[in-house]
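S.K.: one predicted model, sequence on top.
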Amino acid sequence: MNFKKLALAMAVAAAMAVPVQAQVSDNLVRIGVLTDLSGLYSDLTGQGAVLATQMAIDDFTAREKPAFKVELVAADHQNKGDVAANKAREWFEQGKVDVATELVTTSVALAVQKIAKEKNRLVLVSGAASTRVTNEDCNDVTVHWTYDTYAVANGTAKAVVKQGGKSWFFVTADYAFGHSLEKDASDVVKANGGTVAGAVRHPFPGSDFSSFLLRAQSSGAQVIGLANAGGDMINSIKQAAEFGITQKQSLAGLLMFIMDIHSLGLQTTQNMYLTEGFYWDLNDETRAWSRRFFDKHKRMPTMIQAGQYSSVMHYLKAVKASGTDDTQKVMAQMKKTPVNDFFAKNGIIRDDGRMVHDMYLLQVKKPAESKAPWDYYHVRATIPGAEAFQPLAASKCALVKK
């Protein structure tokens, strides 16, 4: 045998077998967490979302042993679209950030989507709620991961109407998220035989909800739908109780999180229905991951924080599988790969960028029913993803083939 030829052949083969990760620019994937670190939604996302991202990076690095490095950067967008857009532009142009993630607050997500499309970078939305993200404002660089207003309204409003809450009045945060949640809930109420007596919109963020709640009280509606979230929703519930409104009318928190229940207490929130994409106590997998999170954060995760981990892990696996951090190639890999982890089973990313997965109709336990800290919910129903999210047939996304 000619050993020179053999050595040459082996060298060529070795060159051809260079790991595909070598195509990752600068041999580095940089993930930007753009979230609310100090404001109204910081308990729901904030440092917990940063932690969830770092957990995903650490787990991916330990399990997958990629040839490329992964780094995290984080910033506070202050729930302002212009602040978020400027930071995203800086990250994409100067900071070598490959993907912007989390993006609680719809105005923030919509602003960053536009910059990301312009700069050909990926966006993974975990916290923002409006269906506009994958509907009117969809693009081919954005994935909406955890939930949206259609899904939470479809679960909660339908359940409340079926329980006899036929007439509704909405107290709504006056920005894109609140408008979307009010519309989606109104549609569900009417589709299930209910009526909408009216709505009032409050500034975002708010503090004094008295005049808005009194308007809702005077409407005589059976149900006051709270189309807000975070501190606004918590303060609305507290003030409604102070005014005695809840003695004759029911409250429906259309976007509630486990941290809201924790803050308000079971005595105040017992029997309320809500819809979430994740609950820490669903099964062995959710409990195992959530306890790891709790050990570091001292709080159980919200669905946003759990969804953040899931989206980042799916993204990193797609980078490794496709052998590049090229935006379109990674997106194609993400869309063709089912999501199977503690957060979602057989989840799929549709053409419009919506990640479709099961949602859960939950009911808050009475104080006597809770057996341990953070034992807050009865799981009343699993809503299949195909039913939970807006069907593609109703989509206004330009990417959807009609």
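M.R.: Happy to help now that I have it. Keep in mind that what you see is a predicted model, and the values were worked out from it rather than measured. Numbers count the residues shown, from 1 in each chain.

S.K.: okay, the closest residue in space to residue 136 that isn't next to it in sequence and residue 308: tell me how far apart.
M.R.: Distances taken as Cβ to Cβ, 6 or more residues apart in numbering place residue 396 nearest to residue 136, at 5.1 Å, with adjacent residues excluded. Placement of C-beta: from N, CA and C, glycine included. Applying Cβ to Cβ, to the nearest Å, the value for residue 396 to residue 308 is 27 Å.

S.K.: what about the two, which has more around it?
M.R.: residue 308 (33 against 14; other Cβ atoms under 10 Å).

S.K.: how much space is there between that one and residue 372?
M.R.: Counting by Cβ to Cβ, the gap from residue 308 to residue 372 is 25 Å.

S.K.: same check on residue 292?
M.R.: Residue 292 is 17 Å from residue 372, where distance means Cβ to Cβ.

S.K.: please say which of these two ends up with more neighbours.
M.R.: Comparing residue 292 with residue 372 by other Cβ under 10 Å, the one with more neighbours is residue 292, at 13 against 7.

S.K.: how about that one: what's its closest non-neighbour residue?
M.R.: Excluding its sequence neighbours, the residue lying closest to residue 292 (Cβ to Cβ, 6+ apart) is residue 55, at 7.1 Å.

S.K.: name the helix or strand for the one you found, please.
M.R.: Using DSSP states H and E, residue 55 maps to helix 46-64.

S.K.: mean confidence for that helix?
M.R.: Average pLDDT, helix 46-64: 98.

S.K.: contacts for it, please.
M.R.: 31, 33, 35-38, 66, 70, 72, 74, 101-102, 104, 126-127, 292-293, 296-297, 299, 301-302, 304-306, 308-310, 312-313, 316-317, 320 (Cβ atoms under 8 Å, 6 or more residues apart in numbering).

S.K.: cutoff 6 Å now
M.R.: By Cβ atoms under 6 Å, 6 or more residues apart in numbering, the surrounding residues in contact with helix 46-64 are 33, 35-37, 70, 72, 74, 102, 296-297, 305, 308-309, 312-313, 316, 320.

S.K.: between helix 46-64 and the next helix-or-strand element following that helix, find me the angle.
M.R.: Going down the chain from helix 46-64, the next helix or strand is strand 69-76, by DSSP H and E. Angle, strand 69-76 to helix 46-64, by axes from the mean of the first three to the mean of the last three Cα atoms, to 10 degrees: 170 degrees.

S.K.: quick one: distance of strand 69-76 to the chain centre.
M.R.: Centroid separation for strand 69-76 versus its chain: 19 Å, with Cα atoms, centre = their mean, to the nearest Å.

S.K.: buried set for that strand?
M.R.: Counting neighbours by 16 or more other Cβ atoms under 10 Å, one finds that the buried residues in strand 69-76 are 70, 72, 73, 74, 75, 76.

S.K.: using the three-state scheme, assign the closest residue to the fourth one other than its chain neighbours.
M.R.: So the one you mean is residue 74. In this structure, residue 74 finds its nearest non-sequential neighbour in residue 33, 4.3 Å apart by Cβ to Cβ, 6+ apart. The local conformation at residue 33, judged by DSSP: H, G, I helix; E, B strand; the rest coil, is strand.

S.K.: was I right about residue 33 contacting residue 99?
M.R.: No - taking contacts as Cβ atoms under 6 Å, residue 33 lies outside contact range of residue 99: 9.8 Å.

S.K.: in this structure, which spans are strands?
M.R.: Assigned by DSSP state E, the chain shows strands spanning 28-35, 69-76, 99-102, 122-125, 142-144, 167-173, 195-202, 223-227, 250-253, 273-276, 348-349, 355-356, 359-364, 377-383.

S.K.: for the fourth one, what is the average pLDDT?
M.R.: Summarised as a single mean, pLDDT over strand 122-125 is 98.

S.K.: what's the answer for the first one, then?
M.R.: Across strand 28-35, the average pLDDT comes to 98.

S.K.: which elements pack onto it?
M.R.: helix 46-64, strand 69-76, strand 99-102 (3 or more Cβ pairs under 6 Å, 6 or more residues apart in numbering; DSSP states H and E).

S.K.: can you mark which positions in that strand are buried?
M.R.: Of all the residues in strand 28-35, those buried under the rule 16+ other Cβ under 10 Å are 29, 30, 31, 32, 33, 34, 35.

S.K.: still on that earlier bit, deepest-packed of the strands of the chain, please.
M.R.: strand 99-102 (a mean of 31; mean count of other Cβ atoms under 10 Å).

S.K.: that one pairs with which strands, and in what direction?
M.R.: Under the criterion DSSP bridges, strand 99-102 sits next to strand 28-35 (parallel), strand 122-125 (parallel) in its sheet.

S.K.: buried set for stretch 33-51?
M.R.: For stretch 33-51, burial by neighbour count (16+ other Cβ under 10 Å) applies to 33-37, 39-51.

S.K.: was I right to think residue 359 contacts residue 387?
M.R.: No - the criterion here is Cβ under 6 Å, and residue 359 misses it with residue 387 at 8.6 Å.

S.K.: what about residue 23, how many neighbours?
M.R.: Neighbours around residue 23, by other Cβ under 10 Å: 16.

S.K.: next one: the residue nearest to residue 260 when sequence neighbours are not counted from residue 166, what distance?
M.R.: Of all residues not flanking residue 260 in the chain, residue 234 sits nearest, at 5.7 Å (Cβ to Cβ, 6+ apart). Here the criterion is Cβ to Cβ. By it, residue 234 lies 26 Å from residue 166.

S.K.: comparing the two, which residue is more hemmed in?
M.R.: In this view residue 234 and residue 166 are compared by other Cβ under 10 Å, and residue 234 has more residues nearby, 23 against 16.

S.K.: contact partners for residue 289?
M.R.: residue 342 are the contacts of residue 289 under Cβ under 6 Å, 6+ apart.

S.K.: give me the distance from stretch 392-402 to the chain's centre.
M.R.: With Cα atoms, centre = their mean, you get 21 Å for stretch 392-402.

S.K.: do stretch 278-296 as well
M.R.: Centroid displacement of stretch 278-296 relative to its chain, using Cα atoms, centre = their mean, is 17 Å.

S.K.: confirm for me that residue 167 is in contact with residue 195.
M.R.: Yes - judged on Cβ under 6 Å, residue 167 makes contact with residue 195 at a distance of 5.1 Å.

S.K.: flag the shaky bits of the stretch 201-350 of the chain, pLDDT-wise.
M.R.: Residues of the stretch 201-350 of the chain meeting the criterion pLDDT under 70: none.
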